[in-house]
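need coordinates for the following:
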Amino acid sequence: MNKYAAILLFLAFQIPAFSQEGQFKTACIGFYNFENLFDTLDSPDTEDTEFTPGGIRHWVGAMYREKLGNLARVVSELGTELTPDGVAILGVAEVENQTVLEDFVKQPAIAARHYQIVHYESPDLRGIDVALIYQAKYFKVTGSRPVPLVLTSADGSRTFTRDMLYVTGDLDGEEIHILVNHWPSRRGGEKATQPYREAGAKLCKNIRDSLLLANPAARVLVMGDLNDDPVSPSVKNVLACKTKTKDVRQGDFFNPWYAFYKNGTGTLAYRDAWSLFDQVILSAGLVNNPGGWHYYKAQVFSRPYLIQKTGQYKGYPFRTFDFDNYIAGYSDHFPVYVFLLKSLERP
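Here you go, the predicted model:
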């Protein structure tokens, strides 16, 4: 029996987010695009009017509270097939501000986990940001900062988008670096906007490279809604991700989502075609790391209740609105997560 088969024999008996049964500890790290988690207030400095009671979507408190509860249900279940405490670290996108995050982590489905928040306001015109939530008993934040993605349009003016969030912390005795992203969308055409997403990839690569200079075994996670697939130039060429763990060498990135994409699995759908924009990509330090945290497996979370049953978007992720009609769904993206393992025995 190999070591991974042995894991399956004790998974049902794991009790903390880091299992200490059998031969390994287990940690779950994920990403989820919350799809327009706005409060109901009009912020004068951003374009958020549609998500107000007087806006086109008539966004009121009851809807907001229902969406919070829906998202919390999903997060409460992420990763629980291997660890009852679920996801220890979760990157999120499309959150309006600190307040919506504070309201979210208080939801009954997840309140007992005492998620902590790392968030900074970014210059996105709609006012949506990325953030990180984490269980402090497993992950200790030692530093964080926003990293601007500075883009210039054809006329030389700046195109404002979401900042990247860079968080460093201690995961059960090992330093890890997390880059949470929401790269520019394809609005205006995939090819026309491709340089913007390549700029996001270059920013991630530059940070990874600087970390490797200080520590060649640095453990780096790039996560987010990349608005690109594993085969897109930003991911395939700029990040130069390897698609098989056996091919990963020092200085490489590993992308576990390539196999999912090739098998037709996606995290969002558009015009009846599936894309896999939501990804968690790992540096070699989290693949070739005997005795320390290392990659085990990845998962797209697509339970039946997250799939829309009727209407224009039948079969797609169950979103909050069908056009401007409120349908009380979750998000137009499925969440994704990876499991890391750590041996309890010295190598």
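
what pairs with the lengthiest strand in the chain, parallel or antiparallel?
What stands out as the longest strand in the chain, according to DSSP state E, is strand 24-37. Strand 24-37 has the following strand partners under DSSP bridges: strand 89-95 (parallel), strand 336-343 (antiparallel).

return the alpha-carbon coordinates of it using PDB.
What follows is strand 24-37 as a C-alpha-only set of coordinates in PDB (Å, rounded to 0.1, in the frame of the first residue of the first chain):
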ATOM      1  CA  PHE A  24       0.200  12.800   7.800                       C
ATOM      2  CA  LYS A  25      -1.200  16.200   8.700                       C
ATOM      3  CA  THR A  26      -3.700  17.600   6.100                       C
ATOM      4  CA  ALA A  27      -4.300  21.300   5.200                       C
ATOM      5  CA  CYS A  28      -7.000  22.600   2.800                       C
ATOM      6  CA  ILE A  29      -6.300  25.900   0.900                       C
ATOM      7  CA  GLY A  30      -8.800  27.300  -1.600                       C
ATOM      8  CA  PHE A  31     -10.200  30.100  -3.600                       C
ATOM      9  CA  TYR A  32     -13.800  31.300  -4.300                       C
ATOM     10  CA  ASN A  33     -15.100  34.200  -6.400                       C
ATOM     11  CA  PHE A  34     -18.100  35.500  -4.300                       C
ATOM     12  CA  GLU A  35     -19.700  37.100  -7.300                       C
ATOM     13  CA  ASN A  36     -20.600  40.700  -6.400                       C
ATOM     14  CA  LEU A  37     -20.700  40.500  -2.600                       C
END
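
returning to that earlier point: out of the strands paired with strand 24-37, which one sits most buried?
Comparing those by mean neighbour count (mean count of other Cβ atoms under 10 Å), strand 89-95 comes out on top with a mean of 27. Backbone N, C-alpha and C define where each C-beta goes, glycine included.

mind saving the C-alpha coords of that one as CSV?
Taking Å, rounded to 0.1, in the frame of the first residue of the first chain, the C-alpha atoms of strand 89-95 are listed here in CSV:
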residue,chain,number,x,y,z
ILE,A,89,-7.0,29.4,4.1
LEU,A,90,-9.4,30.8,1.5
GLY,A,91,-8.7,33.5,-1.0
VAL,A,92,-11.8,35.4,-2.2
ALA,A,93,-12.7,37.8,-5.0
GLU,A,94,-15.5,40.3,-5.8
VAL,A,95,-16.0,41.6,-2.2
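
beyond it, next helix or strand please.
Later in the chain than strand 89-95, the nearest helix or strand by DSSP states H and E is helix 98-105.

moving C-terminal of that next one, what's the next helix or strand?
Using DSSP H and E, the next helix or strand after helix 98-105 towards the C-terminus is strand 115-119.

contacts only, for G285.
G285 sits next to 215, 217-220 when contact means Cβ atoms under 8 Å, 6 or more residues apart in numbering.

mind checking how far the nearest residue to it once chain neighbours are set aside is from S185?
Using Cβ to Cβ, 6 or more residues apart in numbering and skipping the chain neighbours, the partner closest in space to G285 is R219 (4.0 Å). Relative to S185, R219 is positioned 30 Å away (Cβ to Cβ, to the nearest Å).

which one's more surrounded, those two?
Between R219 and S185, counted using other Cβ atoms under 10 Å, R219 has the larger neighbour count: 23 against 14.

does that one touch G173 like I think?
No: assessed by Cβ atoms under 8 Å, R219 is found out of contact with G173, at 11.6 Å.

next, L306: phi, psi?
When read as degrees, to the nearest 10, the backbone of L306 gives phi -90, psi 10.

so what's it closest to, chain neighbours aside?
Distances taken as Cβ to Cβ, 6+ apart put F318 closest to L306, at 5.3 Å, once the chain neighbours are dropped.

list the residues that contact that neighbour.
Listed by Cβ under 8 Å, 6+ apart, the contact set of F318 reads 305-309, 327, 329-331.

switch the cut-off to 10 Å
Shown in contact with F318 (Cβ atoms under 10 Å, 6 or more residues apart in numbering): 70, 303-309, 327-332, 334.

same check on N70?
Here N70 is in contact with 34, 107, 109, 305-306, 318, 320, 328-331 (Cβ under 10 Å, 6+ apart).

and which of the residues you listed is nearest to A136?
Among the contacts of N70, Q107 lies closest to A136 (Cβ to Cβ), at 17.4 Å.

circling back: so the residue nearest to G285 touches D172, yeah?
No: contact status for R219 versus D172: not in contact, 11.8 Å apart, counting by Cβ atoms under 10 Å.
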